[in-house]
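Trainee: sequence and predicted structure are below.
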Amino acid sequence: MRKTLTIVLAAALSMLSLMAQAQDSFLKSIKDFNLVDHNGVSHTLKEYEDRDFIVMYIHGSGCPIARLSVPTYLSIQQEYADKNIEFLMLNSFIQDDIPRIQKEAEEFKITFPILKDADQSIARSMGVERTAEVFIIDPRTREIHFRGPINDQLGYETQRLHVTNHYLRDALETVMAGGKVDMNNIPDAKGCLVGFFLS
């Protein structure tokens, strides 16, 4: 009986260790960058080191879910305007050029930088897969504390009337309080696949 209990406990500890490793490998880190935004202004990661966190939204012009998510992202940015948090967008779409990004920025009245990741190296470092995914980043350590959807409203060909899970807001509150987001409770983001150049 005691031997069986020991085996069960060892298996449980092993499973927890594997889950922790999976979470750590899923949350990567962002590489240093010097990127030009949709207005032609250069931005570096270093210029945001006085911020507590950066929230990075994966942008893609014309992607239906990304377009539907933008107003929610903008509202959250306004909600946290008095916090020491920088809100940005990152565009790594092969098919998007600066004029196309500018057009969408004007349409949605986006006033903060949409950074063009032309060689896709920043997206690769973060493990980006889809548009409309959001990342919470510590600009000093480059560590990613959260990645996932803004909320649970949008799916593929579906849209809920009421949001029941506010993933980004909850994650922001957690990291601002010094906590760690349990990524096991965060679903994959829905959005358009970001195609990458062959390396």
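Mentor: Yep, it's here.
Trainee: contacts and neighbour counts: CA atoms only from here.
Mentor: OK.
Trainee: any low-confidence regions in the protein?
Mentor: Applying pLDDT under 70 to the predicted model, the residue ranges of the chain that meet it are 1-26, 154-161, 198-199.
Trainee: which residues in this structure form strands?
Mentor: Here the chain has its strands, by DSSP state E, at 34-37, 42-44, 53-59, 85-91, 114-116, 134-137, 144-148, 154-155, 158-159.
Trainee: show residues contacting the third one.
Mentor: Among residues not part of strand 53-59, those counted as contacts by CA atoms under 8 Å, 6 or more residues apart in numbering are 48, 66, 73, 84-93, 114, 128, 130-139.
Trainee: my read: Glu143 touches Asp32, true?
Mentor: No - Glu143 is not in contact with Asp32 according to CA atoms under 8 Å; the separation is 11.3 Å.
Trainee: neighbour count for those two, which is higher?
Mentor: The residue with more neighbours, out of Glu143 and Asp32, is Glu143; 17 against 14, by other CA atoms under 10 Å.
Trainee: for the more buried one, which non-adjacent residue is closest in space?
Mentor: Ranked by CA to CA, 6 or more residues apart in numbering and with sequence neighbours excluded, the top spatial neighbour of Glu143 is Ser29, at 4.6 Å.
Trainee: residues contacting that neighbour?
Mentor: Residues in contact with Ser29, defined by CA under 8 Å, 6+ apart, are Ser125, Met126, Ile137, Arg142, Glu143, Ile144.
Trainee: of all these, which two lie farthest apart?
Mentor: By the measure CA to CA, these have their two most distant members at Ser125 and Ile137, which lie 12.4 Å apart.
Trainee: what about the helices in the chain?
Mentor: 2-26, 64-79, 98-108, 121-126, 167-176 (DSSP state H).
Trainee: output the contacting helices and strands for the second one.
Mentor: Counting contacts by 3 or more CA pairs under 8 Å, 6 or more residues apart in numbering; DSSP states H and E, the secondary-structure elements packed against helix 64-79 are strand 154-155.
Trainee: what about 7 Å?
Mentor: Helix 64-79 is packed against no helix or strand, with contacts defined by 3 or more CA pairs under 7 Å, 6 or more residues apart in numbering; DSSP states H and E.
Trainee: any idea what Leu115 is bridged to?
Mentor: Asp37, Leu90 (DSSP bridges).
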